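A.B. asks: A predicted structure for the sequence below; I have some questions about it.
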Amino acid sequence: MSDAAFRPRRSCLFMPGSNDRAMEKAKSLPADVIIFDLEDAVAPDAKVEARDAVAEAVQDGDYGERELVMRVNGIGTPWFEDDLAAAKAANVAAVLVPKVNSADDIRHAALGEIPVWAMVETPLAVLNIAEIAAAPALAALVMGTNDLGKDMRAAMTPDRRAFLTALSMTVTAARAHGKVAIDGVYNGIGDAEALKDECDQGRTLGFEGKSLIHPAQIDIANRIYSPSADALDEARAIIAAFEEAENTEKGVIRVNGKMAERLHLEEAKKLVALSDMIDAAA
Ligand SMILES: CC(C)(COP(=O)(O)OP(=O)(O)OC[C@H]1O[C@@H](n2cnc3c(N)ncnc32)[C@H](O)[C@@H]1OP(=O)(O)O)[C@@H](O)C(=O)NCCC(=O)NCCSC(=O)C[C@H](O)C(=O)O
Ligand SMILES: [Mg+2]
């Protein structure tokens, strides 16, 4: 993954492109990624106005370091082509395509330099996840557990047991191809404890962040998806140990009673770099 692609994506806040107040508020919210939605959160008769409003908001700036992503309407809808053109003209950081089913869909949405993010929210997308993740234009996979649950006729339980296969396949495919994997939204706005549990679960599965629907969810996602103080201490100890003169040529050493190989050194450097980026943006 290039340096430009490596950045914090702990909290990815969705907002309807038809909600001017939310788009204004987002300028001061500590979300790493802002996802302006033109799809399910916008009613059909508000689509065109929302597209113009999002394009204007992105072009006007004032969102600081936040990564600005536009979720367009699905391929085959009357709005898709114009949404893509607006995303390109506004020079968004990425275009998020819903209801993707195949690598052909990614090619269809590819906009030259603008990376494509894909919602993983259909049973076909889960079955085709390896080819979707391998598509060159694809930069990130974002779980859509609401649509996936509907199509699978699966129950939304707190442990998300119906989704574990899809969640894990998505992370595996993303990792196999050096792409980003973002977990799905949690619909309960006032339930901080349940959101925390779901963030813990997503992090354990390997996601690097969570998509969110409300400002009250940002701090929890940021906290859980930030490197912990203990993890940073361990990472810095591994880096320092490999820098010692007697270890510079070694493949494996002992650090604080644990085995550390070069792969751990690589991970340690990434963790420290991520933490530095988070601190710099704060
Ligand atoms: C879910 C909501 C409709 C709740 O709205 P509401 O009850 O009006 O929120 P509050 O009164 O608590 O809002 C307080 C203030 O915060 C601002 N706000 C609210 N939500 C957002 C937001 N997402 N981004 C930015 N700012 C937000 C309000 O404007 C209030 O501000 P102020 O008045 O100045 O104090 C609402 O939260 C909402 O619309 N959320 C996003 C919904 C959305 O985008 N959905 C689509 C993406 S999720 C999805 O599609 C899932 C996926 O595809 C799948 O299949 O799983
Ligand atoms: Mg969806």
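C.D. replies: That came through fine. Ligands and ions are numbered 1, 2, ... in the order given.
A.B. asks: Quick check: which ranges of the protein have low pLDDT?
C.D. replies: Residues of the chain meeting the criterion pLDDT under 70: 1-4.
A.B. asks: Tell me the residues of it that contact ligand 2?
C.D. replies: Contact residues, the chain versus ligand 2 (CB under 5 Å from the ion): 121, 144, 147. No exception for glycine: its C-beta is placed from N, CA and C like everyone else's.
A.B. asks: who wins for most neighbours among those?
C.D. replies: Neighbour tally across the residues of the chain next to ligand 2 (other CB atoms under 10 Å): the maximum, 25 neighbours, falls on residue 144.
A.B. asks: how close does residue 243 get to residue 52?
C.D. replies: Using CB to CB, to the nearest Å, residue 243 is found at 53 Å from residue 52.
A.B. asks: same thing with residue 93?
C.D. replies: Distance from residue 93 to residue 52, counting by CB to CB: 19 Å.
A.B. asks: what's the answer for residue 61, then?
C.D. replies: 16 Å.
A.B. asks: Tell me which of these two has more neighbours.
C.D. replies: Higher neighbour count among residue 61 and residue 52: residue 52, with 12 against 9, using other CB under 10 Å.
A.B. asks: re the thing from before, among the residues of the chain next to ligand 2, which are in reach of ligand 1?
C.D. replies: Applying CB under 6 Å from any ligand atom to the residues of the chain next to ligand 2, one finds that 121, 144, 147 fall near ligand 1.
A.B. asks: Of these, just say which sits nearest to residue 226.
C.D. replies: residue 144 (24.4 Å; CB to CB).
A.B. asks: Next up, the contacts around the nearest residue to the closest one once chain neighbours are set aside.
C.D. replies: Among residues not flanking residue 144 along the chain, residue 121 sits closest, at 2.7 Å (CB to CB, 6 or more residues apart in numbering). Shown in contact with residue 121 (CB atoms under 8 Å, 6 or more residues apart in numbering): 98-99, 143-148, 151.
A.B. asks: Filter those residues down to the ones in strands?
C.D. replies: Counting by DSSP state E, the contacts of residue 121 place residue 143 in strands.
A.B. asks: Can you flag the buried ones in the contacts of residue 121?
C.D. replies: Neighbour counting with 16 or more other CB atoms under 10 Å marks 98-99, 143-145, 147-148, 151 as buried within these.
A.B. asks: got the CA positions of the longest helix along the chain in CSV?
C.D. replies: Secondary structure assigned by DSSP state H gives helix 262-281 as the longest helix of the chain. C-alpha atoms of helix 262-281 as CSV (Å, rounded to 0.1, in the frame of the first residue of the first chain):
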residue,chain,number,x,y,z
ARG,A,262,11.3,-8.9,11.5
LEU,A,263,7.6,-9.2,10.8
HIS,A,264,6.9,-7.8,14.3
LEU,A,265,9.4,-5.0,13.6
GLU,A,266,7.4,-4.1,10.4
GLU,A,267,4.1,-4.2,12.4
ALA,A,268,5.7,-2.1,15.2
LYS,A,269,6.9,0.6,12.8
LYS,A,270,3.4,0.8,11.2
LEU,A,271,1.7,1.1,14.6
VAL,A,272,4.1,3.9,15.6
ALA,A,273,3.6,5.7,12.3
LEU,A,274,-0.2,5.4,12.6
SER,A,275,-0.1,6.8,16.2
ASP,A,276,2.1,9.7,15.0
MET,A,277,-0.5,10.5,12.2
ILE,A,278,-3.3,10.4,14.8
ASP,A,279,-1.3,12.8,17.1
ALA,A,280,-0.5,15.1,14.2
ALA,A,281,-4.2,15.4,13.2
